[in-house]
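**Q** return a 3D structure for these sequence lines:
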Amino acid sequence: MIEKTDVIIIGAGPVGLFAIFELGLLNISCHIIDNLDKPGGQCAELYPEKPIYDIPSRISITGQELTDDLIAQAKPFKPVYHLSQQVEKITKLESNEWLVETSINKKIQSKCIVIAGGAGSFVPRRIPLQNIDHLEEKNIFYAIRDKSNFKGGKLLIAGGGDSALDWTNELSKIADVTLIHRRKEFKAAPDSVSKMLKLEEEKKINFSIGQIQNIEELKNDKIKVVVKNNEEIKNYEVDFLLPFFGLKMELGPIADWGLKLDENLIKVDTEKFETSEPSIFAIGDINTYPGKLKLILSGFHEAALMAQECFKYCFPDKKNVFRYTTSSKDLHKKLNSS
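**A** Residues are numbered from 1 along each chain as shown. Okay, here's the model as predicted:
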């Protein structure tokens, strides 16, 4: 089934979230796609508690607070979020609209595409072993979309950050879980570490120190994971391996879309922030132009001008009458309806 909308926004960071608001003011509907499992981009993923000091009118605001406020601001316009998936392919249709396909085979058709992917897509750091790609999404999972898929299974979780600890604690309720990490110290939140250690003490999970050395596919749909700690070798026969080694940034499939690039950034004009391909826009840290400043507030400005141009593609037979949110009764009604 192909879903339809006016604009597809790629990237649910602060600039992508604000773009929903600016487009919504013009009655433009949005679907938003992000590789992470929640909106917020770098703000929510890398520094949710870190203060940001250059957001107008806010003396200080954390990354998570900013994300929460932007989600609430966009809510009246009923955006549709598609999380934990990456845009893999875009196709120009005869109607001059776009067909976007994601990594989980979601298909969405739109009149415009807005790339707001920060410095690119967050992608998981993969296990540095050869010839295991065919096991991904079968025995090896770098993200969890539906925890019920692991119910009753034998799981090996690898990592020492928030994701590894949080999923260890959560999945221990429905599965047989072993956590491995390369050392005793963890980067996860102290509360998560305390919960995990309590589960280990109560023998509800197992914890072991070591690093993955090899993975073998077995005939019974299981895998054998070889873990080494100094000279000690342990073999784990499990249904699923969940490695959480953190995230890295990649431009990803965007690099193959035929857009003009400058050092892995997308070139845009400064009137409407359109790329070299008509009806595809790029806003935020992923774009480049003379005088570009990589600030959230710069991205907000770019989103506002982008939205004005999107209107022309979405409603070619309508005249865009600029309205101030302070004086438009129609906008007041819409913004206060949620």
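**Q** quick one, helices of the stretch 1-150 of the chain?
**A** Taking DSSP state H, counting those that start in this stretch, the helices of the stretch 1-150 of the chain run over residues 14-24, 41-45, 63-74.
**Q** next: the stretch 201-338 of the chain.
**A** 296-314, 329-335.
**Q** point out the most buried one among those.
**A** helix 296-314 (a mean of 21; mean count of other CB atoms under 10 Å). (C-beta placed from N, C-alpha, C; glycine too.)
**Q** list the helices and strands that one packs on?
**A** helix 14-24, strand 112-115, strand 280-282 (3 or more CB pairs under 8 Å, 6 or more residues apart in numbering; DSSP states H and E).
**Q** try it again with 6 Å
**A** Judged by 3 or more CB pairs under 6 Å, 6 or more residues apart in numbering; DSSP states H and E, the packing partners of helix 296-314 are helix 14-24.
**Q** packing partners of the helix it packs on?
**A** strand 7-10, helix 63-74, helix 296-314.
**Q** of all the ones you listed, which one comes closest to I113?
**A** Closest to I113 of those, according to CB to CB: strand 7-10, at 5.2 Å.
**Q** quick check: buried residues in the closest one?
**A** 7-10 (16 or more other CB atoms under 10 Å).
**Q** figure out how far that strand is from the centre of its chain.
**A** 13 Å (CA atoms, centre = their mean, to the nearest Å).
**Q** start at 4, not 1
**A** Shifting the count to begin at 4 puts that one at strand 10-13.
**Q** and the contacts of that strand?
**A** 19, 22, 26, 31, 33-36, 90, 103, 111, 113, 115-120, 313 (CB atoms under 6 Å, 6 or more residues apart in numbering).
**Q** re earlier: just name the most buried of the helices of the stretch 4-153 of the chain.
**A** Using mean count of other CB under 10 Å, helix 17-27 ranks as the most buried of these, with a mean of 27.
**Q** convert the C-alpha atoms of that helix to CSV, please.
**A** Taking Å, rounded to 0.1, in the frame of the first residue of the first chain, the C-alpha atoms of helix 17-27 are listed here in CSV:
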residue,chain,number,x,y,z
PRO,A,17,14.8,20.0,15.8
VAL,A,18,14.8,21.5,12.3
GLY,A,19,12.7,18.7,10.8
LEU,A,20,10.2,19.1,13.7
PHE,A,21,10.0,22.8,13.2
ALA,A,22,9.4,22.3,9.5
ILE,A,23,6.2,20.4,10.3
PHE,A,24,5.0,23.5,12.1
GLU,A,25,5.9,25.9,9.3
LEU,A,26,4.4,23.7,6.6
GLY,A,27,1.3,23.1,8.8
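**Q** now do it against helix 299-317, angle only.
**A** Put simply, helix 17-27 runs at 40 degrees to helix 299-317, going by axes from the mean of the first three to the mean of the last three CA atoms, to 10 degrees.
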